[in-house]
Each structure stands twice: as C-alpha cells, then as structure tokens.
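> can you look at this prediction? I've put the sequence above it.
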Amino acid sequence: MQDQPINIKKIGVLTSGGDAPGMNAAIRAVVRAGFYYNLEVYGIYRGYEGMINDDIRKLDSRSIAHVLERGGTFLKSARSLEFRTPEGRKKAYDNLKSHGIDALVVIGGDGSLTGAHLFYKEFGIPAVGLPGTIDNDLFGTDLTIGFDTACNTAIGAIDKIRDTATSHDRLFFVEVMGRDAGFIAINAGIGSAAAAILIPEKKFPVEKLIDRLKFREKAKKESNIVIVAEGGKSGGAQEISEKVKKILPTYDIKVTILGHLQRGGAPSSFDRILSSKLGVSAVEGLLKGKFDVMVGIINNKIVYTPIKRAIIDDKEVDDEDLRIAGILST
Ligand code: ATP
C-alpha cells in the first residue's frame, strides 16, 4: 500500500465479476466524488473486457441520473479470460493510456481485486477496490456491496415458500448462493426461521439433520425449511434432499434453488448507503495516495486494507451466529 498523494486528473471506474445490487450506487458515488474533486471520470464498460476492447466512455452527470436505486450495473459486468494473460493486460494498459486515465476504481469480488492488484504491480496504475459481491466473502469489510439486498431477496422468497410448506406439511430444501461462503445462508436462515442451515465452512452430517427434523416433528412444527448454501461440503440442496428422502421416505420433500434472482432487484437502503460511502472514500483514498487497497467499513469506520490481504485472508463466518441459529431452530 502506497501512501503519498499523487497527481490524478482522470480516473476510470468499472464493475467486474458477478453483478451485485448497489454497484450502480457505488459508480454514482465515484462519479460524484470525482466531479467534486475536479477529476474527469471514465466509465469502463463490461469490466476488464471493456478495458481490453477500449469500451471506455467519459461520464457526465447525466450518465448517473437515476441509477442509485437501480439493481445491476449500468456499466455492465463481465468475466474476462483475456485479462488473465499478460498480453491482454498490456492491451488494457495501452487503452487506458490513450485516454490519459491515471487511476482506477474497481468494483467487484476477490477475482476482480486480484486483477487490479496484478495490474498495479505490472503497470503501476493505482487502483482502489470496492467490495462488490453478494457473497460477503471479502476480508477487510464487515459487509460487501449487495449482500444485504441478496439476503432480503432470499428471505422474501423463503417467506413465500413457507406458505406452501405450511399448507402441505412439506419439508423444503432451499438453496441459496454462496459457493465458498455461508454468509447468505446464515442470514437468510436466521431471518426466515430455518430448521437447519448448511454452509460450506462447517460439516453438518445428515444424521444430525435427521435428528433435528425428528425433534421438530415431535414438537409439532408445521413446516420445515432447510437452507443450503450452494456447493457446500455435504452437497447442494438436491443431493441432500435425496439423502434425507432415503431415510425419511414418508416426508413430502421439495427443493427450490433460488439462483440468480438473489442478484437482482433494487438495492436496499443499507446497500445504497454502504455503496455511496465506499464510492466517495475510494476517490478520496486515491487522492491521498492510498492505492492497491480495498476500501471497506469495519465497526462503522472506513478502513483501507491492502488488496493482497483482502483477497488472501479469509473472512470467517461467526460461530456465534451459528450457535444462535442452532438455538432458534430447535
Ligand atoms: P464474484 O465474487 O461475483 O465471483 P469476482 O470478482 O471474484 O466476483 P471473478 O470471475 O473471479 O469474479 O473475477 C472477475 C474478473 O477479474 C475475471 O474475469 C478476470 O478478468 C479478472 N481476474 C480474476 N482473477 C484474475 C487473475 N488472477 N489475474 C488477472 N485477472 C483476474
């Protein structure tokens, strides 16, 4: 992490990797802060792919009108294989230079931030990263952009599933996003009175799940919803449901995979505010010479963490959350 003010006149902003609600609010904040500090701001479309293909346009205040409240990202996002190659990154660098762009704000997950770090090391283009991912799996911030909205969306969907589960005395396995991280599953599980929460970070043997379901049957619970994070150690919702069906053949079991609907929708008030604060802080960080960092919020304070740490260090799920979820599900 550098910490010497540098002379920046033009910045580029891009969204990369999976889209997350709040990305538009973050872009808007970067643009607004840029104008406030007399910078020119360029939108780089489709993430690193747009950097390589010179899909780069100067943004003005009209470009960011009415985007704060919209889901997705108006700059669009992409996964770029070419940026993973030195040749691809050289093309990207040449395009940035042809526009005179001196610094970058990269909004995305750990892959996107890895790209920004590598690019800085190779070409010295200062970058500040914003944690834009619904998975909440980045070290250096309590919460990532889009996580709160994704949890709200998941809980809203599970509420609806609960109605049919109760009407038919069904057992539902609901799969939520989070390939390597159980944050959405834990929050959605606590927020929707789940019977159990299965996450990638912790083992939850089928036998334990069966005991839990039998206990709840004795307690005359009207419905059972088990939340499963995709790609967990015990398999996805479909796989686990099949194992349970073999042991409890009389149960009426259904599976719902929430999938991409968790990425969509208007950002929650929390995500709008988080994204806005992070966007302004990214620009201010660049101007203060804080680059090759990710800006996050920890205990309600803006914190700049070296990107290297943000991508390498693991953000652990909170055992206390799991303990509480266990108490609530019995
Ligand atoms: P999400 O958390 O939603 O998956 P992400 O940012 O982690 O978001 P990735 O697909 O991992 O999503 O990364 C986005 C893009 O960042 C990649 O398509 C690639 O262009 C770039 N990138 C990722 N890893 C590297 C790397 N090691 N070197 C160069 N570029 C990379």
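Alright, I've got the coordinates.

> so where do the strands sit in this structure?
Here the chain has its strands, by DSSP state E, at 10-15, 40-44, 56-58, 103-108, 127-131, 171-176, 196-198, 224-229, 253-257, 293-298, 301-306.

> tell me which of the ones you listed sits most buried.
Neighbour counts (mean count of other Cβ atoms under 10 Å) averaged over each of these peak at strand 127-131, with a mean of 31. (Each C-beta comes from the backbone N, C-alpha and C, glycine too.)

> does any bit of it sit next to the ligand?
No - for a cut-off given as Cβ under 6 Å from any ligand atom, strand 127-131 has no contacts with the ligand; the smallest distance is 9.2 Å.

> I'd like to know which elements that strand is packed against.
Counting by 3 or more Cβ pairs under 8 Å, 6 or more residues apart in numbering; DSSP states H and E, the packing neighbours recorded for strand 127-131 are strand 103-108, helix 110-123, helix 269-287, strand 293-298, helix 307-312.

> residue 229 is nearest to which of these?
Ranking the helices and strands packed on strand 127-131 by proximity to residue 229 (Cβ to Cβ) places helix 110-123 first, at 16.9 Å.

> can I get the closest one in CSV, CA atoms only?
Only the C-alpha atoms of helix 110-123 are listed here, as CSV (Å, rounded to 0.1, in the frame of the first residue of the first chain):
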residue,chain,number,x,y,z
ASP,A,110,-11.9,-11.2,-5.0
GLY,A,111,-11.1,-12.1,-8.6
SER,A,112,-11.6,-8.5,-9.8
LEU,A,113,-9.5,-7.2,-7.0
THR,A,114,-6.8,-9.8,-7.8
GLY,A,115,-6.8,-8.4,-11.4
ALA,A,116,-6.4,-4.8,-10.1
HIS,A,117,-3.5,-5.8,-7.8
LEU,A,118,-1.7,-7.5,-10.6
PHE,A,119,-2.3,-4.6,-13.0
TYR,A,120,-0.9,-2.2,-10.4
LYS,A,121,2.2,-4.4,-10.0
GLU,A,122,2.8,-4.7,-13.7
PHE,A,123,2.0,-1.2,-14.9
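
> strand 103-108 and that helix, what's the angle between them?
160 degrees (axes from the mean of the first three to the mean of the last three Cα atoms, to 10 degrees).

> off-centre distance for helix 110-123?
Relative to its chain's centre, helix 110-123 lies at 18 Å (Cα atoms, centre = their mean, to the nearest Å).

> touching it from outside, list them.
Residues outside helix 110-123 that contact it (Cβ atoms under 8 Å, 6 or more residues apart in numbering): 16-17, 47-48, 79, 83-84, 86, 89, 92-93, 104, 106, 125-127, 129, 131-133, 137-138, 291-292, 294, 307-308, 310-311.

> just the buried subset of those residues, please.
Burial by neighbour count, 16 or more other Cβ atoms under 10 Å: within those this picks out 16-17, 47-48, 79, 83, 89, 92-93, 104, 106, 125-127, 129, 131-133, 137-138, 291-292, 294, 307-308, 310-311.

> chain center to stretch 171-179: distance?
17 Å.

> would that stretch count as contacting the ligand?
No - between stretch 171-179 and the ligand, judged by Cβ under 6 Å from any ligand atom, nothing touches; the nearest distance is 8.2 Å.

> give the rounded mean pLDDT of that stretch.
The pLDDT scores in stretch 171-179 average 93.

> with stretch 262-277 instead?
97.

> what about that stretch, how long is it end to end?
End-to-end distance of stretch 262-277: 23 Å, with Cα to Cα, to the nearest Å as the criterion.

> show me what it is in contact with.
In contact with stretch 262-277 (Cβ under 8 Å, 6+ apart) are residues 18-26, 28-29, 68-72, 130, 134, 143, 145-150, 152-154, 176-177, 184, 297, 302.

> among the residues you listed, name the ones in helices.
Applying DSSP state H to the contacts of stretch 262-277, the entries found in helices are 23-26, 28-29, 147-150, 152-154, 184.

> which residue is the nearest non-sequential neighbour of residue 181?
Spatial nearest neighbour of residue 181, excluding adjacent residues (Cβ to Cβ, 6 or more residues apart in numbering): residue 137 at 3.8 Å.

> re earlier: whichever of the contacts of stretch 262-277 end up buried, select them in ChimeraX.
To isolate the buried members of the contacts of stretch 262-277 in ChimeraX, using 16+ other Cβ under 10 Å:
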select :18,19,20,21,22,23,24,25,26,28,29,68,70,71,72,130,134,143,145,146,147,148,149,150,152,153,154,176,177,184,297,302
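
> can you give me the pLDDT of the nearest residue to residue 39 once chain neighbours are set aside?
Among residues not flanking residue 39 along the chain, residue 11 sits closest, at 5.5 Å (Cβ to Cβ, 6+ apart). The model reports residue 11 with a pLDDT of 98.

> quick one: residues contacting residue 11.
Residue 11 touches 30, 34, 39-42, 101-105, 283, 286, counting by Cβ under 8 Å, 6+ apart.

> and if we set it to 7 Å?
Shown in contact with residue 11 (Cβ atoms under 7 Å, 6 or more residues apart in numbering): 34, 39, 41, 101-105, 286.
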